[in-house]
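Asks: here are the coordinates; sequence isn't available:
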């Protein structure tokens, strides 16, 4: 008996010793073993937010792709305070932070940054009712409020050494988006914001203006712990570099921002006015059609606004009529007897859009299916297919809107349209058409979650992660 016990103890000791001698898992191996990637971020239009179809935002999409690249689940945690966020990364309480973080020397003392994925500039934002400041000296009389522990504070500290009287308030209770909102509401005079966030928020607040930049281009990157274990850090860099080399990174950024490039911000005031005055009469019709054809009523409303500004008696020089601006031939095909009747027009236009979405090749994923279908609604399905062919000929992806919209304008050039089946088309028009609808759709989503004066009974969302 004593021999058996001795053998058993010897085996346990041997196993413990063997386990102690075995190498520890690297951080990457731990992530793979646990099956989770823990990411810290902040709520903002440029990073992460809950959209009508679920989680959205550039940082969410990038980290979601990174988690899929590793074959693990993404776990998101929100930190409102930037200092807390960096502290948690520094202490290893999270695998990384993806929060629109500018790479600065001060931050590099605390965390290790990955390869950059985007560049921004810091901008002074003011309200159009105020006189435009031409330099930081001009804002010393006003109230400047910025996000605490931000790169904006670091930059202001650098600049304040040469500007007498430059003072500001650091706010650690609200986010950068809220500070932009405070400028729009004229609660504060100025704030500093990154150029990407300004461009998105101007969509919702057309009264906002950019006075000037206070920085050159700066890199945005993910923050990771400064540990000796570089396994996960190396994997993150490999992922970002592969995404950039393949052109996918550029496509993702363009998908989130390109519709803002040529948007008429002044037109937002007109749109918001019609949201209050005209949309309440028609949104039940959009809602009914959306439910019947498995569409999003806000998308239908945005499309109708682009077509007619929600005017049921609208008529174009080419003879298209009604809220959804149906041609006589399309109306006849759809069984629409009176194009100027709002109910018939909205039902017919919605049914037609549904047919175009379903007609596209099955492998095209959302949101590209919807954007391509909208382009076909405007320019015709045949011309869209011609543009897809040209896109493929030029080495682009005929299933991605970001590639298609670069090639649609070529349909007006003889060199290209003579190679197509359907010939010449004013290819720039569907590009503007779709990009405007995307902007109106975004504004409606924002209004719905903020101060829309009425609430729909139901929302039928598109089957996509983000439009």
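Replies: Yep, that arrived. Since this is a predicted model, take the numbers as computed values, not measurements.

Asks: does residue 222 sit in a helix, a strand or a coil?
Replies: Look at residue 222: counting by DSSP: H, G, I helix; E, B strand; the rest coil, its state is strand.

Asks: Now it: closest residue in space, sequence neighbours ignored.
Replies: For residue 222, ignoring the flanking residues on the chain, the nearest one in space by CB to CB, 6 or more residues apart in numbering is residue 114 at 4.5 Å. Every residue, glycine included, has its C-beta placed from N, CA and C.

Asks: distance of the one you found from residue 48?
Replies: 17 Å (CB to CB, to the nearest Å).

Asks: Thought residue 346 was touching residue 300, still the case?
Replies: Yes. Between residue 300 and residue 346 there is a contact under CB atoms under 8 Å: 7.0 Å.

Asks: now the residue nearest to residue 222: how far from residue 96?
Replies: Residue 114 is 8 Å from residue 96, by CB to CB.

Asks: low-scoring stretches of the stretch 151-300 of the chain, by residue?
Replies: 262-263 (pLDDT under 70).

Asks: So which residues of it form helices?
Replies: 151-160, 176-184, 195-201, 231-245, 248-257, 267-277, 279-293, 297-308 (DSSP state H, counting those that start in this stretch).

Asks: buried sites along the fourth one?
Replies: With burial defined by 16 or more other CB atoms under 10 Å, the residues of helix 231-245 counted as buried are 231-233, 235-237, 239-240, 243.

Asks: what does the second one give?
Replies: For helix 176-184, the neighbour count (16+ other CB under 10 Å) marks 176-177, 179-184 as buried.

Asks: of all those, which comes closest to residue 136?
Replies: residue 183 (16.0 Å; CB to CB).

Asks: Now do the contacts for the residue nearest to residue 222.
Replies: Taking CB atoms under 8 Å, 6 or more residues apart in numbering, we find residue 114 in contact with 96, 221-222, 224, 233, 236-237, 240.

Asks: cool, and residue 142?
Replies: 130, 133, 189-190.

Asks: Just among those residues, which is most surrounded?
Replies: The most neighbours of any of these, using other CB atoms under 10 Å, belong to residue 190, which has 22 neighbours.

Asks: Strands - which of the contacts of residue 142 land there?
Replies: Applying DSSP state E to the contacts of residue 142, the entries found in strands are residue 190.

Asks: Quick one: the contacts of residue 142 as JSON lines, columns for distance to residue 369 too.
Replies: What follows is the contacts of residue 142, written out as JSON lines (distance: CB to CB, whole Å):
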{"residue": "130", "distance to residue 369": "44"}
{"residue": "133", "distance to residue 369": "45"}
{"residue": "189", "distance to residue 369": "45"}
{"residue": "190", "distance to residue 369": "42"}
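
Asks: residues of stretch 29-40 that come out buried?
Replies: In stretch 29-40, counting by 16+ other CB under 10 Å, buried: 31-32, 36-40.

Asks: Then stretch 352-362?
Replies: 352-357, 360.

Asks: And for stretch 410-426?
Replies: In stretch 410-426, counting by 16+ other CB under 10 Å, buried: 410-411, 416-417, 420, 422, 425.

Asks: now, which of these lie within helices?
Replies: 416-417 (DSSP state H).

Asks: quick one: which of the buried residues of stretch 410-426 is nearest residue 333?
Replies: Nearest to residue 333 among the buried residues of stretch 410-426, with distances taken as CB to CB, is residue 422, at 17.7 Å.

Asks: thought that closest one was touching residue 387?
Replies: No. Using CB under 8 Å as the test, residue 422 is too far from residue 387 to be in contact (9.8 Å).

Asks: For the contacts of residue 114, give me a markdown table that also has distance to residue 338.
Replies: What follows is the contacts of residue 114, written out as a markdown table (distance: CB to CB, whole Å):
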| residue | distance to residue 338 |
| --- | --- |
| 96 | 58 |
| 221 | 57 |
| 222 | 56 |
| 224 | 62 |
| 233 | 64 |
| 236 | 58 |
| 237 | 61 |
| 240 | 55 |
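
Asks: from these, which is closest to residue 434?
Replies: Among the contacts of residue 114, and counting by CB to CB, the member closest to residue 434 is residue 240, at 28.6 Å.

Asks: For residue 48, give me phi and psi.
Replies: phi -150, psi 130 (degrees, to the nearest 10).

Asks: Can you check the pLDDT for it?
Replies: We have a pLDDT of 87 for residue 48.

Asks: mind listing what it touches?
Replies: 41-42, 55-57, 59-60, 76, 78.

Asks: do the same with residue 111
Replies: 86, 89-90, 97, 223-226.

Asks: Return a ChimeraX selection command for the buried portion of those residues.
Replies: In ChimeraX, selecting the buried portion of those, with burial taken from 16+ other CB under 10 Å, looks like this:
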select :86,89,90,97,223,224,225
